[in-house]
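[1] Sharing a sequence plus its predicted fold:
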Amino acid sequence: MLNFAAAQQPLPPEPRTPSLLVGAAWYPEQWPESRWEADLVLMEQAHIHLVRIGEFAWSTMEPSEGNFQLDWLQHAIRAAEKHHIVVVLGTPGAAPPAWLTQKYPETLRTKEDGRKDEHGNRQQFDWSSPKYREFVVRVTERMAQRFGHDPDVIGWQVDNEYATESYGDSTRAQFQQWLQAKYKTLDNLNRRWTTAYWSETYQSWDQIPIEETYGNPGLLLNWKEFVSDTWRSYQRVHLDAIHKYAEPRQKITTNMMGWFDAYDHYTVAQDLDFASWDDYVGRGHLDLARNGAAHDLTRGFLRKNFWVMETQPGFVNWSPNNTALDKGEVRAMAWHAIGHGAEAVEYWQWRSALNGQEQYHGVLVGADGTPVPLYAEVQQLGADFEKAAPTLTGTTVHSDIAILQDYPSRWAIDWQRHNKSFDPVSDAIVPWYAALRNQTHSVDMIADTAPLAPYKLVVAPALNLLTPAAVANLVGYVRGGGHLVLTQRSGMKDADNSLYTQRQPGPITELLGARVEQWYALEDAVPVEGQWGSSKSPKWAEQLGVTAKDTEVLMRYGKSNGWLDDQPAAVTHRVGAGRITYIGAALEPLAMNSAARWMLSTSGVTLVMPDLPQGVDLAVRSGGGKSVYILTNYDAAAQTIALPHAMTDVLTGSTASSITLPQYGIAVLR
Ligand code: GLA
Ligand code: GLA
């Protein structure tokens, strides 16, 4: 039967904006309404099609309890609409008004030293307070009632940069209840935390403290998991409030912070429609590996494209020396984000607030209301995005390689680094990421429980803590024919942050046909050599022992502390069509690159444009039958790149089979 009602539905409206967006954080509440038009004209001239508003405006939205004033927001959205600018609305929980925390002091967070936070900065709220949640729900519901059907509101940002916990008695009681729900009995908890150690044994739930950095490792891990679950439930009440009134076309996110690890981002991200993050370089210049890996980390939260919700217009105000990015580098940084799967790049902030804590921060328009020098560069970027949007629509990053990272592993190492200078991100994840990405131009970064079958190579740097689910996933991957590489410190702890009763890598030792005999924290790097050349292992070295006849030794230590002399430093073991490799040494970049080349060829990964000139970055996005190459030259000298075939640069319209780019020059090629 024909469904006439459906047949007569109007066609969906034309998208109101390009599919790649340049945006800005705009604070209309800080300015007289008579000024808004001038700002929006300047935005439109810069091809800015997106503003985020509202995330700190609670005292303007609800100046006294229950007295909601949202007309100004409505006016701001309508004014933006006239300039083809769409809106992401921020819920204002990160900045509660003074009347609220004064009348309901239980909504203020308790700091670690037991003192209450106070009004005057932001993030002074207690994320676990039921009373606080009542208030954020009420204001969010009002916003959603009012704007949930607004055609120009395309999405929501919940709160702003979740970060700060509370340590008061009511939070502690919630933590104890959380533990009770998890362990059921104290016997169980005592056993799994090995509380016989130092007479830590608990006789009642209310004896259990909160420990943040030094304490029983099981307790430390559970506190972090509680913190993560509590951010998730804090976010949940916002999501419910929005869903109650808003159209599902309005997508919801929160702005995360790259490598920040105060909570498990996989826990929090799972309820969002899309992931986003605030991408700040701070002092110095864009670090392609560290920043690119953070983009890929964010893309990995929901395994799809993401947004850069905030980024720096040249410089910030919070680093020890707030140097500016070079001319051209801001535009390159935005394209770097797009290459890694971003769909929007938003500058924080549009215009300097006249007062407030961030007067020196980079902006696009100064306190005087006129553009700063960087404005022209963002204008060029806006024009780029308009040109390239049709080409990039429907594309994302596809990789044959996954790097696994997980929060419990990073926490577990950080709580007991053993060598203070061993940083799991800087010394394990990022260096391996860099070596692999430089040769392949695409890497996925995902959780250790994500599906691995799509990958030819899976690398787990310092995956210290392996849950049973992760073990099953990794073993299944190898048995299914994949190549798994584990590096230093992997497979030491179980889901309780207890030591495994097998040597590293714990339950996968047998599959590896080798084990870690002993680990050594180092003052001086030790020599290591073999299949991947001669190198040195700084900070940490693991002495490996081979237990299966067919395990192959790839690298050995040279003469050092006696214990390590001539001992295996890297081994590999075939398992049916699959393979597992363990690398117990850290390597210097040259050897790491050679190890990466070995991993790629052993795993049958095919390389696109492997020999790029120095300083040239390539990102590939594909989908819908098209492949788009984004090339950027970060080298001070102009570089000429030979393309695999003649390609068209969608930014300039020219077609060629080789291209020369000046420093910070960009080509978007089809
Ligand atoms: C001290 C303590 C022991 C143990 C060692 C570790 O000597 O008495 O319980 O903590 O340090 O070095
Ligand atoms: C963070 C915040 C913004 C602003 C910027 C400044 O990302 O979300 O409100 O403070 O930092 O860099």
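    Structure's in. What do you need? Residues are numbered from 1 along each chain as shown. Ligands and ions are numbered 1, 2, ... in the order given.

[2] mind listing what G530 touches?
    Residues in contact with G530 (CB atoms under 8 Å, 6 or more residues apart in numbering) are V553, L554, M555, R556, A569, A570. In short, each C-beta sits where N, CA and C put it, glycine included.

[3] so where does T140 fall, helix or strand?
    Following DSSP states H and E, one finds T140 within helix 130-147.

[4] Give the buried residues for that helix.
    Buried positions in helix 130-147, judged by neighbour count with 16 or more other CB atoms under 10 Å: 132-133, 135-137, 139-144, 146-147.

[5] One more: stretch 75-92?
    If you call a residue buried by 16+ other CB under 10 Å, then stretch 75-92 has these buried ones: 76-77, 79-81, 83-92.

[6] Which one of those residues is nearest to ligand 2?
    Closest approach to ligand 2 among the buried residues of stretch 75-92 (CB to the nearest ligand atom): G90, at 9.5 Å.

[7] Run a quick check on the closest one versus E161, I expect a contact.
    No. The criterion here is CB atoms under 8 Å, and G90 misses it with E161 at 10.9 Å.

[8] how much space is there between the residue in the chain positioned nearest to ligand 2 and E358?
    Among the residues of the chain, D278 lies closest to ligand 2, at 4.0 Å counting by CB to the nearest ligand atom. D278 is 13 Å from E358, where distance means CB to CB, to the nearest Å.

[9] if we can go back for a sec, now the buried residues of helix 130-147 in JSON lines, with distance to Q380?
    JSON lines is the format used below for those (distance: CB to CB, whole Å):
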{"residue": "Y132", "distance to Q380": "44"}
{"residue": "R133", "distance to Q380": "44"}
{"residue": "F135", "distance to Q380": "43"}
{"residue": "V136", "distance to Q380": "39"}
{"residue": "V137", "distance to Q380": "43"}
{"residue": "V139", "distance to Q380": "38"}
{"residue": "T140", "distance to Q380": "37"}
{"residue": "E141", "distance to Q380": "41"}
{"residue": "R142", "distance to Q380": "39"}
{"residue": "M143", "distance to Q380": "34"}
{"residue": "A144", "distance to Q380": "37"}
{"residue": "R146", "distance to Q380": "36"}
{"residue": "F147", "distance to Q380": "32"}
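
[10] Can you convert the residues you listed into a markdown table and add a column each for distance to ligand 2 and pLDDT?
    Putting these into a markdown table (distance: CB to the nearest ligand atom, whole Å; pLDDT from 0 to 100) gives the following:
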| residue | distance to ligand 2 | pLDDT |
| --- | --- | --- |
| Y132 | 19 | 98 |
| R133 | 21 | 98 |
| F135 | 20 | 98 |
| V136 | 17 | 98 |
| V137 | 22 | 98 |
| V139 | 18 | 99 |
| T140 | 18 | 99 |
| E141 | 24 | 98 |
| R142 | 22 | 98 |
| M143 | 18 | 99 |
| A144 | 22 | 98 |
| R146 | 23 | 98 |
| F147 | 21 | 98 |
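
[11] quick check, nearest of those to N419?
    Nearest to N419 out of the buried residues of helix 130-147 is Y132 (CB to CB; 40.6 Å).

[12] list the contacts for the closest residue to that closest one other than its chain neighbours?
    Leaving aside its sequence neighbours, Y132 sits nearest to T107 (CB to CB, 6 or more residues apart in numbering; 4.0 Å). Going by CB under 8 Å, 6+ apart, T107 touches P96, L100, T101, F125, D126, S129, K131, Y132, F135.

[13] which among those residues gets closest to L42?
    L42 has its nearest neighbour among those in P96, at 31.7 Å by CB to CB.

[14] Next up, the contacts around the nearest residue to that closest one once chain neighbours are set aside.
    Residue nearest to P96 in three dimensions, not counting chain neighbours: F125, with 5.3 Å by CB to CB, 6+ apart. The contact partners of F125, taken as CB under 8 Å, 6+ apart, are G93, A94, P96, T101, T107, L108, R109, Y132.
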